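# need coordinates for the below:
(one chain, ligands or ions: 1)
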Amino acid sequence: TTDNDFLLSVEALTVSFDGFKAVDDLSFYVDENEIRVIIGPNGAGKTTALDLICGKTRATSGSIRFRGKELTAMKEHQIVHAGVGRKFQNPSIYDDLTVFENLEISYPKGRSVFGALTFKRDGVVTSRVEEVAEMIFLADHLEERAEFLSHGQKQWLEIGMLLIQDPELLMLDEPVAGMSVSERVKTAELLHRIIVGRSVIVIEHDMKFVEDIAHRVTVLHQGRVISEGTMAHVQADPKVVEVYLGH
Ligand code: ADP
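Got it, this is the predicted structure:
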């Protein structure tokens, strides 16, 4: 096998902040159609790892290959264009726009250089908006203003705003934080639905949710991988119990 068999190959990735290595010689590989969960104690480097992949933070050394393309030299918007979407913890939806409009302006051609809503509504966009709305459980809320959605619905809407751009890799930071139990169950269902033709990397602390979604789990500690495999495998790994799960 070569690296090109993976959707994403992270190799020997390191970033130092004033000499402190937040991510330290990190390597991991994500397959197509995979849900990968990254777990680990606070400060382990999970957020920094995703920041490096999406270009928000520049690596000190190492390589990130996505579909064979090296991402470390690319600018953030080029990485988005290459097919990598990232959702942060706080939703960045437009409160005064409807669900439909939020999805519409996120459609690749929907945003003008001024960020204004200048899109000519056409059938292709409308049907794609409806398709995504169905996927994120908001088909019956298209004309609702985003500010009136529940916390969980806002999170789904933001996932939808990324999905409409059809990324091949979607990265989510604690997607179920603050959600109700039923919203968590639906979010797991959503993730399993969307990995057809794409992969997802999730940072998560909720172990029940990790069990529901993860194909494989990567455990970080002090910027390095200390364990990797199925949830059952990492849960039984004494190193993981010692630094994380045993607490
Ligand atoms: P996690 O997401 O696993 O909780 P982070 O990636 O947020 O961990 O942080 C890893 C370590 O790197 C922490 O010790 C954090 O304080 C440090 N760190 C993260 N970003 C910066 C930065 N921009 N400058 C200095 N230190 C940073």
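
# give me the below-cutoff pLDDT ranges for the chain.
Confidence mapping of the chain against pLDDT under 70 gives the ranges 1-4, 89, 91, 110-122, 247.

# can you pull up the most central residue in it?
Closest residue to the average C-alpha location of the chain: Met171 at 1.4 Å, with C-alpha atoms, centre = their mean.

# the ligand contacts on the protein?
17, 22, 40, 42-48 (C-beta under 6 Å from any ligand atom). For the C-beta atoms, the positions are set from N, CA and C on the backbone; glycine is no exception.

# among those residues, which ones are buried?
22, 40, 44-48 (16 or more other C-beta atoms under 10 Å).

# max pairwise distance over these: which two?
Greatest spatial distance among those (C-beta to C-beta): Ala22 and Gly40, at 12.1 Å.

# so how many other residues sit close to Ser180?
12 (other C-beta atoms under 10 Å).

# what about the closest residue to it other than its chain neighbours, how many residues nearby?
Nearest residue to Ser180 in three dimensions, chain neighbours excluded: Gly152, at 6.4 Å (C-beta to C-beta, 6 or more residues apart in numbering). Gly152 has 19 neighbours, counted by other C-beta under 10 Å.

# state the distance from Glu228 to Ile39.
10 Å (C-beta to C-beta, to the nearest Å).

# residue boundaries of the helices in this protein?
Taking DSSP state H, the helices of the chain run over residues 46-53, 76-82, 99-106, 123-135, 151-163, 181-194, 207-213, 231-235, 238-240.

# returning to that earlier point: shared neighbours, Glu228 and Ile39?
Applying C-beta atoms under 8 Å, 6 or more residues apart in numbering, one finds that Glu228 and Ile39 are jointly contacted by 217-219, 234.

# for Glu32, phi and psi?
The phi/psi pair for Glu32 (degrees, to the nearest 10) reads phi -70, psi 150.

# ok so, going back, can you say which of the helices of the chain is nearest to Gly223?
Nearest of those (C-beta to C-beta): helix 46-53, 7.7 Å.

# shouldn't Leu97 be in contact with Glu144?
No: when contacts are counted by C-beta atoms under 8 Å, Leu97 is not listed as touching Glu144 (10.3 Å).

# which residues touch Val10?
26-29, 49, 53, 62-64.

# so Leu149 makes contact with Val99?
Yes: proximity of Leu149 to Val99 meets the contact threshold set by C-beta under 8 Å, at 7.3 Å.

# pick out whichever of these two has more residues nearby.
Neighbours were counted for Leu149 and for Val99 using other C-beta under 10 Å; Val99 has more, 29 against 20.

# distance of that one from Glu34?
29 Å.

# follow-up on the earlier one: of the shared contacts of Glu228 and Ile39, closest to the ligand?
Lowest distance from the ligand to the shared contacts of Glu228 and Ile39 (C-beta to the nearest ligand atom) belongs to Val219, with 10.8 Å.

# give me the beta-bridge partners of that closest one?
Ile39, Ser227 (DSSP bridges).

# is it in contact with Gly40, as I believe?
Yes: applying C-beta under 8 Å as the test, Val219 and Gly40 come out as touching, 5.4 Å apart.
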